[in-house]
Each structure stands twice: as structure tokens, then as C-alpha cells.
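**Student:** Sharing a sequence plus its predicted fold:
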Amino acid sequence: MLRSPVDVEVRDAYLRRLGLDAEPPSVEALQRLQRRHVERVPYETLWIHADERWDIDPSTSAARIALQGRGGYCYHLNGALGVLLSWLGYAVRSHPGGVRADGLPESRSMGNHLVLTVSALPTEANPSGTWHVDAGLGDALHEPLPLVPGAYVQAPFRLALDRLPGESRGWLLTHDPAGGFRNMRWNMVDARLGDFAAQHRWLSTSPESGFVRVAMAERRDATGVDVMRGLVLTRLGEHATTSEPLTRRDEWFAALADVFDLRFDCSAPDALDALWNRVRRGHEQWQEEGSGG
């Protein structure tokens, strides 16, 4: 799924966005790539509310991240990162996974997440050399996890990685109770793009989808997470805070630019009008529901 001819222009622009040079595969280089990716390429669903109907082709996602300064959700972020890793010489695979949040039955979750693993990078603590790499979990991973059962601290969260029983050779990542989801499980089978088509359609178009109900952006760093949900900007972890609603268009877009590096230079003016109007109406509806109006 992630194999494609090297596009030198996109690869080099992608690395410039991450602030990194191309270097041979290594554990240290992989850690740098994951960290810079979640710090500089936001998890965002604003394209849904701007009526920008994105597909989930990994090469298209890589070009959009590299050349248009946008992010996306898991299919875009991990799909693109997987392509970049393959261009840089990493042994990378993609797998179907399922993020489970409160209120979402497990039967509805499989296929709602694209998972990456990278192999052939052994260390003393990880002799198998396989790593869970994930830039598409929003507030969870800041660095790759060795594919070794255990507890892991990535401030401000405590995570756990466990094997799933049975023949699936699967894995379970359990998030911190303060995180944005309960757990994510995946099987070590190779994914095909079609494995995600139905879930992508539902997540990006269904009125029941949380991504359709609320526009959001997230940016992970070494000490916490910045989150924009609707018009409210929140910081989790170090320097935790919640802003008053950003009810002026200019201040909302300025916060997206300053905190998430989202500037929408390649978006049409009518798309930005649609985005702002929907987010503002959603906030007004939330206020009315909260006041019983």
C-alpha cells in the first residue's frame, strides 16, 4: 500500500516542513521523524467543514502535507508518513487498526485507523527491531514505541502496549485515562487502501461522526497537546489552560496559524467562508443547547 516511486520534489519539501535532512535509516532518525511530524503536521479535520473532500491515497496526502501545508486525520498522516519512510529506505508496513473511544462499540472501530510499523532496527531493549510508528493518533504518541509489551511514559500520558491473544498476532495500545480515546488495537496483516474506504466515508460525511459534528485540530509535543475544538483552544499537559471561545474570525484563524501552523494558503476563499460559518454556527448551537434554548 505504501510503495510508490520516489517523488524527489515532494520528499524534499516534506523534509523541509519537518526541518530535517535526509539520513540513512536508524532508530535515532526514526525518532526524530516521528517527533517532528507530530510537532509540525497537525491532526486536523477542518477540511471536512470546508467542504474539501479529500481521498486517502498516501501519495496525494504526502504531496498535500509537503506542498500545501496541511495535515489530516490518521489515513492522511500515517499514509503520508509511511510513504516518506519508504522513500527514505525504511522497512515500513501499514496495518488496519481500530481506535475505540467511549460510546463506540468495538465492532464499529476496526478499520477506522491506519497503523504503521517499521522493522529491521534492533536495539538491546527491542531485539526484534520492530517499532510502532504513529503520527495519526492525535494526542497519544510523541515518539515511536518498541513493539515490546510494557508500560511507557510519554508526558503527560502513561501508555501500555500488550499483545492480543489468539492467532491474529495483534497488539493493543491503551491510552492514558486523560487522553482522547480508550485504546487502539491492530493486527499485523498488511493493509490495502480498500480496507479503509467505508470507514473514511462514514467518518468524513456521516452526521453521526464526531469529526463531522465538531471541527478540530491537535498538535502534540514533548510535554503536552494543543487542541482546538470548535472555537475553543485548550492546552493539555504542561502549562494546561483553556481559552475563552475565539468568536472573531481573524483571531480564530490567527490561532490556527500560530499554534498549529495552519494557514490555508491553497484553500479557496469560499472554502474558508464555509469553514468559518460552520464552526461559528456549531458554537452557537452548542451555546443554545447548553442554555436550554
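**Tutor:** Yep, that arrived.

**Student:** how about Leu81, what does it touch?
**Tutor:** Contacts for Leu81 (Cβ atoms under 8 Å, 6 or more residues apart in numbering) come out as Leu33, Gln34, His37, Leu116, Val133, Ala135, Gly136. Quick note: C-beta positions are derived from backbone N, CA and C, even for glycine.

**Student:** Distance check, the closest residue to Leu231 other than its chain neighbours against Ala50.
**Tutor:** Ranked by Cβ to Cβ, 6 or more residues apart in numbering and with sequence neighbours excluded, the top spatial neighbour of Leu231 is Pro245, at 4.2 Å. Shown here: Pro245 relative to Ala50, a distance of 20 Å by Cβ to Cβ, to the nearest Å.

**Student:** So for the two, which residue has more residues nearby?
**Tutor:** In this comparison of Pro245 against Ala50, neighbours counted by other Cβ atoms under 10 Å, the higher total goes to Ala50 at 21 against 15.

**Student:** Okay, and His283 sits in which element?
**Tutor:** Using DSSP states H and E, His283 falls within helix 269-291.

**Student:** buried stuff in that helix?
**Tutor:** Neighbour counts using 16 or more other Cβ atoms under 10 Å place Ala271, Ala274, Leu275, Trp276, Arg278, Val279, Arg280, Gly282, His283, Trp286 of helix 269-291 among the buried residues.

**Student:** Need the pLDDT of Ser168.
**Tutor:** The confidence metric pLDDT takes the value 65 at Ser168.

**Student:** Next: Gly103.
**Tutor:** 50.

**Student:** Can you give me the separation between the nearest residue in space to Trp286 that is not next to it in sequence and Ala255?
**Tutor:** Closest residue to Trp286 in three dimensions, ignoring its sequence neighbours and counting by Cβ to Cβ, 6+ apart: Gly230, at 6.9 Å. Taking Cβ to Cβ as the criterion, Gly230 is separated from Ala255 by 12 Å.

**Student:** How confident was the prediction at Asp176?
**Tutor:** In this model, Asp176 is scored at 97, pLDDT.

**Student:** Output the below-cut-off pLDDT ranges for the stretch 1-150 of the chain.
**Tutor:** 1-2, 102-108 (pLDDT under 70).

**Student:** So which residues of it form helices?
**Tutor:** For the stretch 1-150 of the chain, the helices defined by DSSP state H, counting those that start in this stretch cover 8-18, 27-40, 46-49, 58-68, 74-87.
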